[in-house]
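# no sequence for this one, just the structure:
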């Protein structure tokens, strides 16, 4: 959480060195209101690792200044000069604890944001807190048009979500949620804003996808050259480009592939990338070649990348060796399982669509293949997995 280091200041404990702070940080997100890991490759803007641009007010300015300056930065000709017609916003809809955020909506209207471009969304979308008991508050989110035509005057996130990409989030930290669930006003009001570097890069370059920018474009092109035009799958290339970028930074920051916690996330990212190459009929060692592109790209920016380049390539190589040995055998076993379903259907005319926990557990126990990947491949075959039964067996196994 980017705001964790400021928690005590939000609560009124201690005095910050400055009431206004800006920062940039690397973030990894594989879950959330959208499942970022699963969304990679399906759309134009989700990715697991991103560089977050933060802007903080600690006991200083609040909603009016934050929203006004955000709009100025995005639309003023001397700054980003984005067409206001290509922007829309969301604000917090009321719930049982907190009223509708009409204050933010009125500020947006005063800046010539049409009422039709303002969507009121629930706490699931427009309320931010790191944990159940934590400083929190409503937010207003800014979106950029990525549709293939000009937006209509009434198009907004509520009625046309797929054509709008969130680029900036202004969180108004004004409450502390207590153990009993009640909201206690903080002694001072604070602002936590964050912008995706990759998404604003997409916006300022007038691209439709983050994968078209220089963040990813050269990697995507290299993948296409490696597998060949005839075998190339756009979704697979995006997953590989995203996951190896994330893995490169994770290893540089001290994470290595294991089977628990963040180490398991790293292992899962690497193995998903390898499997996507297999889906494009490429089975040679390749992960390090992709990682080298990112190492060259980031070594002048992050010392962690420059100083750990050998370690990055070593860990990726070892993980690729481990996984490649089991992947072919696992795929053969999975295909046998799918064939069994097909035969059962032909004989009984009753379609079975759930892979039982014991069959899924055998794939894990014999081939060390993660249940998440079994579930992903099952989904591609229009099957599901009894993950509840698997998890019970896994706990007993542990």
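Thanks, I have it. Keep in mind that what you see is a predicted model, and the values were worked out from it rather than measured.

# Contacts for the helix or strand of the chain with the lowest mean pLDDT next, please.
For the chain, counting by mean pLDDT, DSSP states H and E, helix 36-39 ranks last in confidence among helices and strands (a mean of 72). When contacts are defined by CB atoms under 8 Å, 6 or more residues apart in numbering, helix 36-39 is touched by residues 29, 30, 31, 46, 47, 48. From N, CA and C alone the C-beta is placed, and that goes for glycine too.

# Tell me which strands whichever helix or strand comes after that helix pairs with, and in which orientation.
Moving toward the C-terminus from helix 36-39, the next helix or strand (DSSP states H and E) is strand 49-58. Each strand paired with strand 49-58, and its direction, by DSSP bridges: strand 20-28 (antiparallel), strand 183-196 (antiparallel).

# and of these, who's closest to residue 145?
strand 183-196 (15.9 Å; CB to CB).

# Pull up the gap between the nearest residue to residue 164 once chain neighbours are set aside and residue 113, please.
The shortest distance from residue 164 to any residue that is not its chain neighbour, by CB to CB, 6 or more residues apart in numbering, is 3.9 Å, and that residue is residue 143. With distances defined as CB to CB, to the nearest Å, the gap from residue 143 to residue 113 amounts to 11 Å.

# Give the residues shared as contacts by the two.
Taking CB under 8 Å, 6+ apart as the criterion, residue 143 and residue 113 both touch 87, 88, 89.

# Identify all contacting residues around stretch 151-165.
Contacting residues not belonging to stretch 151-165 are listed as 44-45, 85-86, 88, 90, 114, 116-121, 141, 143-147, 199, 202-203 [CB under 8 Å, 6+ apart].

# which of those residues count as buried?
Among the contacts of stretch 151-165, those classed as buried by 16 or more other CB atoms under 10 Å are 44-45, 86, 88, 90, 117-121, 141, 143-146, 199, 202-203.

# can you pull out the helices in the stretch 51-200 of the chain?
Using DSSP state H, counting those that start in this stretch, the helices found in the stretch 51-200 of the chain span residues 63-75, 102-110, 123-126, 197-204.

# can I get those helices in CSV with mean pLDDT and distance to residue 154?
Putting the helices of the stretch 51-200 of the chain into CSV (pLDDT from 0 to 100; distance: least, CB to CB, whole Å) gives the following:
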stretch, mean pLDDT, distance to residue 154
helix 63-75, 97, 20
helix 102-110, 97, 15
helix 123-126, 93, 19
helix 197-204, 94, 22
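
# Am I right that residue 326 is in contact with residue 373?
No. Using CB atoms under 8 Å, residue 326 makes no contact with residue 373, being 11.0 Å away.
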